[in-house]
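Trainee: Give me coordinates for this.
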Amino acid sequence: MTVSADGLPEAAAPGAPAPPPGLVVVGHFDQPPAYGINRPGGADSWLFTWTTGGQGRLRHGGTETRAGAGDLVVLAPGVAHGYGVAPGAPRWAFWWVHCQARPSWRSWLRPYDAGAGMYVVTPTPDAVHGRIEAAFRRMLDDARWTGTEAPPVTAPGEEPGEESVAVAHGTAARELALCSLEQVVLLTAGAAGTEPPRPGVDDRVRRAQALIAADPTAPHTVHSLAGHVALSPSRFAHLFTQQIGQSPMRALREARLRHAARLLESTDLSVERVAAASGFASPFHFNRVFRDRYGRPPGAYRGSGPMVGS
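Mentor: Okay, here's the model as predicted:
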């Protein structure tokens, strides 16, 4: 929950410099209550933090948030910020990354804009925490890669130190590290934005919904979905429509349209390729149903900003 930052005390390290914008710097800290950073001039790079234990407090411009385990907080460049262990918390353990954000990430972060360029992505389900943690560990390993031998690999079960930091110097190491960070952004923003299941919905209907959501471009049919949940096609179609309020094939079309909208927002694929990659055999049909759903054709949508979920 975000609140006013007016009462945030001065951090323990006023004016601490941030890494220059061209670098990718990743680290894991586990800090005691006295820890704090204050940057009145902000930073030239983006800062991503993922809390694994304890609680942190972050201020960005006039916005403040507390971060607990499983929270991703992102601070955009050029705004005064500060962060540290939250008052009353015994510690703050967190991964952090300074880098330049890829342009495609902004559409994923935008729904979590808390103001002044702070993005608070929460809550993320426990089910994805392990994979997010693995992505940060891989980022730390890849940032240390020299390009002459195989990238280092953290031994399974090995915990990062209280202050583990790596700087990705080579181009390949930077890109590998950013690929891991992109996974973090997608996993957190995608999972946090998932609507909670409706109460009272049959488990078989939920499983069918999950199949559609996991791969909307697959050649799903009423018969194939019914087979996956051990129902007859007629019983499945009736139960799904009764409980969800739309037929299975209508739900599939909606999922494909959302998938197409995401591709339009985050890639430069042609409209024809977006249609094919989203499960639409006919570009003409895709253009028509997309316009019906979002109020404008795919080409115009691409230049208008994200509307997914609207």
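
Trainee: pretty sure residue 29 contacts residue 97?
Mentor: No. Proximity of residue 29 to residue 97 does not meet the contact threshold set by CB atoms under 8 Å, at 11.9 Å. For the C-beta atoms, the positions are set from N, CA and C on the backbone; glycine is no exception.

Trainee: In terms of neighbours, single out the busier of those two.
Mentor: Between residue 29 and residue 97, residue 97 has the larger neighbour count (other CB atoms under 10 Å), namely 27 against 20.

Trainee: For the more buried one, which residues are in contact?
Mentor: Listed by CB atoms under 8 Å, 6 or more residues apart in numbering, the contact partners of residue 97 are 24, 25, 26, 27, 47, 48, 139, 177, 181.

Trainee: Can you mark which positions in the helix or strand containing the last one are buried?
Mentor: So the one you mean is residue 181. Per DSSP states H and E: residue 181 is located in helix 171-192. Buried residues in helix 171-192, defined by neighbour count with 16 or more other CB atoms under 10 Å: 173-174, 176-178, 180-185, 187-189, 191-192.

Trainee: List the buried residues of the following helix or strand past it.
Mentor: Following helix 171-192 in sequence order, the next helix or strand is helix 203-214 (DSSP H and E). Neighbour-count burial for helix 203-214 flags 204, 205, 208, 209, 211, 212 (criterion: 16+ other CB under 10 Å).

Trainee: same for helix 203-214, what does it pack against?
Mentor: Helix 203-214 is packed against helix 222-228, helix 233-244, helix 248-266, with contacts defined by 3 or more CB pairs under 8 Å, 6 or more residues apart in numbering; DSSP states H and E.

Trainee: Lowest average pLDDT across those?
Mentor: With a mean of 92, helix 248-266 has the lowest mean pLDDT of the helices and strands packed on helix 203-214.

Trainee: Mind listing what's buried along the helix or strand following that one?
Mentor: Downstream of helix 248-266, the next assigned helix or strand under DSSP H and E is helix 271-277. Buried residues in helix 271-277, defined by neighbour count with 16+ other CB under 10 Å: 271, 274, 275, 276.

Trainee: what's the answer for stretch 80-93, then?
Mentor: Neighbour-count burial for stretch 80-93, counted by 16+ other CB under 10 Å, picks out 80, 81, 82, 83, 84, 85, 86, 89, 91, 92, 93.

Trainee: would JSON lines of the residues you listed with pLDDT and secondary structure be doable?
Mentor: Converted to JSON lines, these look like this (pLDDT from 0 to 100; DSSP: H, G, I helix; E, B strand; the rest coil):
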{"residue": "80", "pLDDT": "95", "secondary structure": "coil"}
{"residue": "81", "pLDDT": "96", "secondary structure": "strand"}
{"residue": "82", "pLDDT": "96", "secondary structure": "strand"}
{"residue": "83", "pLDDT": "97", "secondary structure": "strand"}
{"residue": "84", "pLDDT": "97", "secondary structure": "strand"}
{"residue": "85", "pLDDT": "97", "secondary structure": "strand"}
{"residue": "86", "pLDDT": "96", "secondary structure": "coil"}
{"residue": "89", "pLDDT": "96", "secondary structure": "coil"}
{"residue": "91", "pLDDT": "97", "secondary structure": "coil"}
{"residue": "92", "pLDDT": "97", "secondary structure": "strand"}
{"residue": "93", "pLDDT": "96", "secondary structure": "strand"}
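
Trainee: Please produce JSON lines containing the residues you listed, extended by distance to residue 245.
Mentor: Formatted as JSON lines, the buried residues of stretch 80-93 follow (distance: CB to CB, whole Å):
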{"residue": "80", "distance to residue 245": "47"}
{"residue": "81", "distance to residue 245": "44"}
{"residue": "82", "distance to residue 245": "47"}
{"residue": "83", "distance to residue 245": "44"}
{"residue": "84", "distance to residue 245": "47"}
{"residue": "85", "distance to residue 245": "46"}
{"residue": "86", "distance to residue 245": "42"}
{"residue": "89", "distance to residue 245": "44"}
{"residue": "91", "distance to residue 245": "47"}
{"residue": "92", "distance to residue 245": "44"}
{"residue": "93", "distance to residue 245": "43"}
